[in-house]
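*Asks:* Have a look at this fold, sequence not included:
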């Protein structure tokens, strides 16, 4: 069994909690520079004097190379201690081949790109690598190669140890050759988590489950290559501890049991939508050959127990990742499976395109089973399935509101206006009919409030030749009755829905100007604002904010709660992640809103809730003075950047089974590939409101 020497450890140490992005494929983009200077014994410091890494080899081009003092001191210490410097532990034969004087290092971008181009040539020719292949790729600790065609997984191979890249390429080409000939055995992962239930590769003797690849145009195959740096030992006691210590989507995990080392790369975990703890259970099951140890919750599968019972050694590692996101698209370097959106990319033009893509995504979420169940639920595009097949009535109504708001950007003659309003009308029609097994849309108050807000005074949204059906008219009458129940007793309305009910009442009052409607709206808005502490007001956004503005419109006066709304905005921006607060691992998190102050919470799509109203405030002189506009625009831009980061764009498409269908969908988080309908709807509302503010409309 191989062991890692004192000398090799010296060469792989980095800051324990957070590895600098420049060492891990992070926010330093191609062609960008950062200033570094060498400190004593190879300690690298940033231009501001902060320590960035210790004893680092040549990880990235931006870091140059380790100082000669660092290299010589490492050599001398190794000689003094007298311990052999050993390669990263690998699989079976590689470890039993004896001691190798090799130390793994994270390949530079140039080395990685050279390896990608070499691999691409092998894939196109379906040719196995020569003995000397990948000699310019450095010495990665592990390698992972994924091939896809039209979104379908062709091969995923992961290897660790000396010669890992060469071996991964050899196995990948072998699988590709077998699939192209249609004669291979069934290829199954060792565990369910290898590819996920919808991505198990099945190529049978005889008629295969998927079409044979004879005559395959290999130039259309999309390639993803991940190369690991050093496999750094760590000693977690529990799987929960693994999740807390490691960065989801950035850290890979591995385990060595006896002479077998298994690793799981960040790219595979992003595809499967699992965290480092679940990734480690996969590696444990493979290394031990015991599927039972791959089940989370099994006390015998906890790392602390396995370290004692089986002598297991656990590893963490960072990677450099390059992929061509779509056929014909040049390869790009990726960070957490995608690319970091720069704030300078956020403009009115890019926001318009973002809005268009989100609207198309919502319009396309139709059920295709012939029923009137409206729209599909939460999508998991990396596995080509739905977490929830059917969206809830509230999610459908919110999508209708978002599409109507989006359509207001266009004239009635525009195709986008017609498409958005037609889909919104379909959603209303489908909500009016309760299919077997569907939830009653009026069981709560939220769907009724949204339906009334969207459809109150618009006869099928002005679509030519259309008229509301009797079922739709009856449904809207029931919605109005349900809303009146909430207005009569706000205590009967769940706290999470009160802001939405107040919004619907205020919107109706702004339209009718009737005394009784204004009075009902004023009571509802007052109860929500008066009964919600300022620190918790964000939980009622954007609805209570929009309600306050609509109430002012109904009364024809100033916004009485303007001071509270301004304070809410200050609170939200105080919790927005800055570049410094996000740290070197959080370039893709900048601008997101962190709602928790007591734990390691990270921003998610829920940031869109307060941002939707803050974007409205930007264009309303009652809550944002003319002299404040430039400042508020500057504060809003980073958060819009974060929401744009959440989109499954062309860069993240390499993870998806159907990249085109995923485009424009907003993910739950940068590490969570699920696309909840609400995430896309609220983000679309936010962007539409921001565009109004930026364009002065």
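*Replies:* Yep, it's here. Values in this document were obtained by computation on a predicted structure and should not be read as measured data. Residues are numbered from 1 along each chain as shown.
*Asks:* Quick one: the strands in the stretch 351-500 of the chain, in order.
*Replies:* Applying DSSP state E, counting those that start in this stretch to the stretch 351-500 of the chain gives strands spanning 379-380, 385-386.
*Asks:* How is this structure divided into domains?
*Replies:* By the record's domain assignment, the chain is partitioned as 6-86, 109-334, 343-695 (automatic domain parsing).
*Asks:* Export those domains as a markdown table, with columns for mean pLDDT.
*Replies:* A markdown table is the format used below for the domains of the chain (pLDDT from 0 to 100):
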| stretch | mean pLDDT |
| --- | --- |
| domain 6-86 | 32 |
| domain 109-334 | 84 |
| domain 343-695 | 89 |
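*Asks:* number of nearby residues for residue 575?
*Replies:* Residue 575 is surrounded by 18 other residues when neighbours are defined as other Cβ atoms under 10 Å. For every residue, glycine as well, the C-beta is placed using N, CA and C.
*Asks:* List phi and psi for it.
*Replies:* Backbone dihedrals for residue 575, given as degrees, to the nearest 10, come out at phi -100, psi 10.
*Asks:* And the helices in the stretch 251-400 of the chain, which stretches?
*Replies:* In the stretch 251-400 of the chain, the segments counted as helices under DSSP state H, counting those that start in this stretch are 266-272, 276-288, 303-309, 348-364, 393-407.
*Asks:* any chance of those in a markdown table, with mean neighbour count and distance to residue 455 too?
*Replies:* A markdown table is the format used below for these (neighbours: other Cβ atoms under 10 Å; distance: least, Cβ to Cβ, whole Å):
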| stretch | mean neighbour count | distance to residue 455 |
| --- | --- | --- |
| helix 266-272 | 26 | 39 |
| helix 276-288 | 25 | 43 |
| helix 303-309 | 16 | 55 |
| helix 348-364 | 19 | 17 |
| helix 393-407 | 26 | 8 |
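*Asks:* follow-up on the earlier one: out of the strands of the stretch 351-500 of the chain, deepest packed?
*Replies:* strand 379-380 (a mean of 26; mean count of other Cβ atoms under 10 Å).
*Asks:* List of residues touching that one?
*Replies:* 273, 365, 386-387, 662, 665, 673-675 (Cβ atoms under 8 Å, 6 or more residues apart in numbering).
*Asks:* which residue ranges form the helices in the stretch 551-697 of the chain?
*Replies:* Chain-ordered helices for the stretch 551-697 of the chain, with DSSP H, counting those that start in this stretch as the definition, fall at 562-574, 579-582, 608-618, 629-645, 659-662, 677-695.
*Asks:* Of all those helices, which one comes closest to residue 434?
*Replies:* With respect to residue 434, and counting by Cβ to Cβ, the nearest of the helices of the stretch 551-697 of the chain is helix 677-695 at 18.6 Å.
*Asks:* Tell me what angle that closest one forms with helix 393-407.
*Replies:* For the pair helix 677-695 and helix 393-407, the angle between their directions (axes from the mean of the first three to the mean of the last three Cα atoms, to 10 degrees) equals 20 degrees.
*Asks:* how about helix 677-695: buried residues?
*Replies:* 677-694 (16 or more other Cβ atoms under 10 Å).
*Asks:* again with stretch 558-569
*Replies:* Of the residues in stretch 558-569, those with enough neighbours to count as buried (16+ other Cβ under 10 Å) are 559, 561-562, 564-565, 568-569.
*Asks:* closest to residue 325 among those residues?
*Replies:* residue 569 (36.3 Å).
*Asks:* pretty sure that closest one contacts residue 617?
*Replies:* Yes - checked against Cβ atoms under 8 Å, the pair residue 569 and residue 617 is within contact range at 6.3 Å.
*Asks:* Between the helices of the stretch 551-697 of the chain, which one is closest to residue 173.
*Replies:* By Cβ to Cβ (comparing all of the helices of the stretch 551-697 of the chain), the closest turns out to be helix 659-662, at 24.1 Å.
*Asks:* In stretch 619-634, which residues are buried?
*Replies:* Those buried within stretch 619-634 under the rule 16+ other Cβ under 10 Å are 619-620, 623-624, 629, 632.
*Asks:* ignore the last one, stretch 234-246
*Replies:* Buried residues in stretch 234-246, counting neighbours by 16+ other Cβ under 10 Å, are found at 236, 239, 241-243, 246.
*Asks:* which two in the residues you listed are spaced the farthest apart?
*Replies:* Spatial extent of those (Cβ to Cβ) is set by the pair 239 and 246 at 10.8 Å.
*Asks:* of the strands of the stretch 351-500 of the chain, which approaches residue 649 most closely?
*Replies:* Residue 649 lies closest to strand 379-380 among the strands of the stretch 351-500 of the chain, at 15.1 Å (Cβ to Cβ).
*Asks:* what residues does stretch 445-456 touch?
*Replies:* 393-394, 397-398, 400-401, 404, 424, 428, 431, 441-442, 475-476, 478-480, 482-483, 485-486, 493-494, 497, 500-501, 503-504, 507-508, 511.
*Asks:* Of those, just the buried ones, ChimeraX syntax please.
*Replies:* Only the buried members of the contacts of stretch 445-456 enter the following ChimeraX selection, criterion being 16+ other Cβ under 10 Å:
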select :393,394,397,398,400,401,404,424,428,431,441,442,475,476,479,482,483,486,493,497,500,501,503,504,507,508
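*Asks:* Please flag which of the contacts of stretch 445-456 sit within helices.
*Replies:* Assigned to helices by DSSP state H, the following of those qualify: 393-394, 397-398, 400-401, 404, 424, 428, 431, 475-476, 478-480, 482-483, 485-486, 497, 500-501, 503-504, 507-508, 511.
*Asks:* which ones are touching residue 594?
*Replies:* With contact set as Cβ under 8 Å, 6+ apart, residue 594 has these partners: 575-577, 601-603.
*Asks:* So which of those is the closest to residue 322?
*Replies:* When those are compared for distance to residue 322 (Cβ to Cβ), residue 602 comes out closest, at 25.3 Å.
*Asks:* and the buried residues of stretch 619-634 as JSON lines, adding distance to residue 123?
*Replies:* Output for these, formatted as JSON lines (distance: Cβ to Cβ, whole Å):
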{"residue": "619", "distance to residue 123": "51"}
{"residue": "620", "distance to residue 123": "55"}
{"residue": "623", "distance to residue 123": "56"}
{"residue": "624", "distance to residue 123": "54"}
{"residue": "629", "distance to residue 123": "52"}
{"residue": "632", "distance to residue 123": "50"}
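*Asks:* Which one of these is nearest to residue 358?
*Replies:* The shortest separation between residue 358 and any of the buried residues of stretch 619-634 is 19.6 Å, and it belongs to residue 619 (by Cβ to Cβ).
*Asks:* how far away is that closest one from residue 279?
*Replies:* 45 Å (Cβ to Cβ, to the nearest Å).
*Asks:* All good on my end, thank you.
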